[in-house]
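S.K.: Sequence and predicted structure are below.
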Amino acid sequence: MRHTWSRTATGLAAAVTALALAGCGSTSAPSNAPSNASHTESRAPGQAGAEALARHDRLFPEVAAKCAGVAATPPSAPAAAPTGDGGTWADKYAENHAYKQTVRLLADAQCRGEAHAARIADALRPAGTSAVLDEAGLRAALQRLGYPAELVNVRTSTGAPGFDLEIPEAILCVSGLLTSPPDVHPHGMYLDGGCTEPKGGH
């Protein structure tokens, strides 16, 4: 029995060695092998991939219906900074507030964001008049609308509950404040990351 096991082990070792030698010196995948390169490298910041958008549209069909046919075109160029004597001050101001900058949304993401903002504002509007929601109530209301708790940051600002919501499938954010009427708006993610405005600056 010991000799039989020894021959078997020797055969397995030889097979493993042969496989290892066959892979030596080969660093490229076969031409027909699928590539692991991410398509996000060729997309503009804030532009979701087709699979992610399809998943979003299945989750929120009413939003998809409102934005059907909207192309992922770049937003209009931002206004030019002041020149002359005011240029230095404007540049310094922009530098000091760079942490507040967000990724600019493409047209299709802007449309989806506005549609999300509208459906959230409509759902929260009755609460904004008589029965004001607290943070727990606001979080529960957003969950009922289909936004997972782990993607919602609920906070209190200027005495009113507010929220920052990430919609990863469309790579956009929706933020709001439960005023009367509710103030809800879409925006891109902050350059420092996330959907909640970072605290700080210099």
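M.R.: Noted; the coordinates are in hand.

S.K.: how close does Val154 get to Arg58?
M.R.: According to CB to CB, to the nearest Å, Val154 and Arg58 sit 26 Å apart. Just so you know, the C-beta spots here come from the backbone N, C-alpha and C atoms, and that holds for glycine as well.

S.K.: ok, these two, which is more surrounded?
M.R.: With neighbours defined as other CB atoms under 10 Å, Val154 and Arg58 compare such that Val154 has more, 20 against 10.

S.K.: can I assume that one is in contact with Leu165?
M.R.: No - assessed by CB atoms under 8 Å, Val154 is found out of contact with Leu165, at 9.4 Å.

S.K.: Show me the common contact partners of those two, please.
M.R.: Contact with both Val154 and Leu165 is made by residues Leu142, according to CB atoms under 8 Å, 6 or more residues apart in numbering.

S.K.: Moving C-terminal from the helix or strand bottoming out on mean pLDDT in the chain, which element do we reach first?
M.R.: Least confident helix or strand, the chain: helix 2-23 with a mean of 41, by mean pLDDT, DSSP states H and E. Downstream of helix 2-23, the first helix or strand assigned by DSSP states H and E is helix 50-59.

S.K.: longest strand anywhere in this structure?
M.R.: The longest strand of the chain (DSSP state E) is strand 160-167.

S.K.: Which neighbouring elements make contact with it?
M.R.: Using 3 or more CB pairs under 8 Å, 6 or more residues apart in numbering; DSSP states H and E as the contact definition, the elements that strand 160-167 packs against are helix 107-124, helix 135-144, strand 152-157, strand 172-177.

S.K.: so which of the ones you listed comes closest to Gly49?
M.R.: Closest of the helices and strands packed on strand 160-167 to Gly49 is helix 107-124, at 12.1 Å (criterion: CB to CB).

S.K.: What lies in contact with the longest strand of the chain?
M.R.: Identification of contacts with strand 160-167 by CB under 8 Å, 6+ apart yields 56, 112-113, 116, 120, 132-135, 137-139, 142, 147, 151-156, 173-179, 189, 194-197.

S.K.: Buried among those residues? Make that a ChimeraX selection.
M.R.: Selection of the buried residues among the contacts of strand 160-167 in ChimeraX, burial being defined by 16 or more other CB atoms under 10 Å:
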select :56,112,113,116,120,133,137,138,139,142,147,152,153,154,173,174,175,176,177,178,179,189,195,196
